[in-house]
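Novice: Fold the following and give me the result.
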Amino acid sequence: MSDSIILALIVFLILCLIVTVVAAVVYSGLFTEVNIKTGSPYIKNVTIAYKLHKGPYKDCGAAFTETVSIGPKLNTIRVSYDDSTEVPDDQCRYIIGSILSEGDEKPDEELQKLYEKFGFNVLSFPEVPLAVITTFPSTTPLSHWLAPYRVYPELRDYIMERQLHAWPFIEINTGDLTHYMAPLSSQSGFHHTGFVVPELVTQTAAKTPVTEESLDQDRGTGISGAESHSDVSSKLSSQAQSKSTETSLAPSSTTSLPHRDQGDGVEQGQVGEHREPSEKGHGDRGSSESVGSSSSFEELDLVEEMVEELERELGREEEGPTVKEEAREAPVEAVAEEREPVGDGEE
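Specialist: Just a heads-up that it's a prediction; the model follows:
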């Protein structure tokens, strides 16, 4: 056989190999168009057996092999909790498992016990009425390698362009097709926590200390970590002032508020006279206490002083007539006492 024939056979084999590789890659979904839309997801409420993993998403092959070996006829599921573009690969958290039942169907008890025997946990996911969804072919093992590079960038762009709140990313493999979904959070009566496994909640709670920020978020007060200490103290002082004012006005509202609404100039003048010295005294005392204290404590002290002053003013308004009568009777009694010695001397 001549050298030209051998060279031709080598070229032909190389071409065949290239064509085969290209065909396999194309068949695996290399040029498949990823159509992303918002609609009803592929699954309803499901019961799954899962294991929690932490590490690069690309190293999940062994976890899929384990869950498929236990239930080869079951659809597999993966829930990714972290964005690999923002979180280091070794810190990414996800679960991998199998779907035991869907809808009203009950899971097979023997199969469930088998999964639990190998360290899997069982959990039910809620039904999602609306989500960002798409599909990708799962025809060859190469499809599982191509899918993350084709699907997830498109999903992120779709969500960011429309400013949607979709989380987490869920991947369901049905054999020849892989379904991707990201539940939307803008719908009423649905929360993302339905897709968070208990182990993840426990780990997060153990790593996150109990702080004022976390407590305020639970109460819904909206104090963020970016606010300064003075901002927080000003909010607390305003809340304390409003609560103290309501408390002090509650018992005397029937007596003092109507007089102020009627615009009694005499009583308002008396209140102003009593207010000037008290404000001056409290101002001097506040200035002496402010040395060596932070701005937040100064504000709280001023609020307490204002509340005390307001209570004293309200009490003086109620006792006003009695004070006036005593003031009028005092000069009369003094004159009477001065006249008594004079009368005795004349006698």
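Novice: Please name the residues that touch residue 28.
Specialist: Contact criterion C-beta atoms under 8 Å, 6 or more residues apart in numbering gives 137, 139-140, 142-143, 146 as the residues in contact with residue 28. All C-beta atoms are positioned from the backbone trio N, CA, C, and that covers glycine.
Novice: List the contacts of the residue lying closest to it once chain neighbours are set aside.
Specialist: Using C-beta to C-beta, 6 or more residues apart in numbering and skipping residues adjacent in sequence, the residue nearest residue 28 is residue 142, 4.0 Å away. For residue 142, the set of contacting residues under the criterion of C-beta under 8 Å, 6+ apart consists of 24-25, 28.
Novice: which stretches of the protein aren't confidently modelled?
Specialist: Scanning the chain with the threshold set as pLDDT under 70 gives 1, 186-193, 203-301, 303, 315-347.
Novice: From the contacts of residue 28, which land in strands?
Specialist: Applying DSSP state E to the contacts of residue 28, the entries found in strands are residue 137.
Novice: Out of the contacts of residue 28, give me the one that has the most neighbours.
Specialist: The member of the contacts of residue 28 surrounded by the most neighbours (other C-beta atoms under 10 Å) is residue 143, with 22 neighbours in all.
Novice: measure it to residue 128 for me?
Specialist: 25 Å (C-beta to C-beta, to the nearest Å).
Novice: which stretches of this structure form strands?
Specialist: With DSSP E as the criterion, the chain has strands spanning 37-39, 46-54, 76-80, 93-102, 121-125, 131-137, 169-173, 177-183.
Novice: okay, the ones you listed in TSV with distance to residue 195 next?
Specialist: Converted to TSV, the strands of the chain look like this (distance: least, C-beta to C-beta, whole Å):
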stretch	distance to residue 195
strand 37-39	18
strand 46-54	10
strand 76-80	6
strand 93-102	9
strand 121-125	6
strand 131-137	11
strand 169-173	7
strand 177-183	7
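Novice: Residue 61 is nearest to which of the ones you listed?
Specialist: The minimum distance between residue 61 and these falls on strand 93-102, with 9.9 Å, by C-beta to C-beta.
Novice: And the closest one, what does it pack against?
Specialist: For strand 93-102, the packing partners by 3 or more C-beta pairs under 8 Å, 6 or more residues apart in numbering; DSSP states H and E come out as strand 46-54, helix 61-70, strand 76-80, helix 109-117.
Novice: And the contacts of that strand?
Specialist: 43-54, 57, 60, 63-64, 67-68, 70-71, 74-82, 107-108, 111-112, 115, 120, 122, 172, 197, 200.
Novice: again, 6 Å this time
Specialist: When contacts are taken as C-beta atoms under 6 Å, 6 or more residues apart in numbering, the neighbours of strand 93-102 outside the stretch itself are 44, 46-50, 52-54, 60, 63, 67, 71, 74-82, 107, 112, 197.
Novice: And those, which of them are buried?
Specialist: Burial by neighbour count, 16 or more other C-beta atoms under 10 Å: within the contacts of strand 93-102 this picks out 46-50, 52-53, 60, 63, 67, 71, 74-82, 107, 112, 197.
Novice: Which strand residues bridge the closest residue to residue 37 other than its chain neighbours?
Specialist: Counting by C-beta to C-beta, 6+ apart, residue 37 lies nearest to residue 133, which is 6.3 Å off, once chain neighbours are set aside. Counting by DSSP bridges, residue 133 is bridged to residue 37, residue 181.
Novice: what's the answer for residue 50, then?
Specialist: For residue 50, the residues forming beta bridges with it (DSSP bridges) are residue 97, residue 121.
Novice: so how far is residue 72 from it?
Specialist: Separation of residue 50 from residue 72 (C-beta to C-beta) stands at 17 Å.
Novice: go on, residue 128?
Specialist: 27 Å.
Novice: Could you do residue 59 as well?
Specialist: Per C-beta to C-beta, residue 59 is found 22 Å from residue 72.
Novice: which one of the two has more residues nearby?
Specialist: residue 59 (12 against 8).
Novice: The protein - how does it break down into domains?
Specialist: Listed by automatic domain parsing, the domain ranges of the chain are 32-207, 229-326.
Novice: Next up, the contacts around the nearest residue to residue 147 once chain neighbours are set aside.
Specialist: Nearest residue to residue 147 in three dimensions, chain neighbours excluded: residue 136, at 4.8 Å (C-beta to C-beta, 6+ apart). Shown here is residue 136, whose contacts under the criterion C-beta under 6 Å, 6+ apart are 29, 147, 151, 178.
Novice: how about the first one, what does it touch?
Specialist: What it means is residue 29. With contacts taken as C-beta under 6 Å, 6+ apart, residue 29 has the following neighbours: 136-137, 143, 146.
Novice: Quick check: the two most widely separated of those?
Specialist: The most widely separated members of the contacts of residue 29 are 137 and 146, with 9.1 Å between them, by C-beta to C-beta.
Novice: just to revisit the earlier point, which residues does the residue nearest to residue 37 contact?
Specialist: Shown in contact with residue 133 (C-beta under 6 Å, 6+ apart): 39, 41, 181.
Novice: Just send the contacts of residue 29 back as CSV, with distance to residue 12 too.
Specialist: Output for the contacts of residue 29, formatted as CSV (distance: C-beta to C-beta, whole Å):
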residue, distance to residue 12
136, 34
137, 30
143, 29
146, 28
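Novice: ok so, going back, just curious, which of the contacts of residue 28 is nearest to residue 90?
Specialist: Among these, residue 146 lies closest to residue 90 (C-beta to C-beta), at 23.3 Å.
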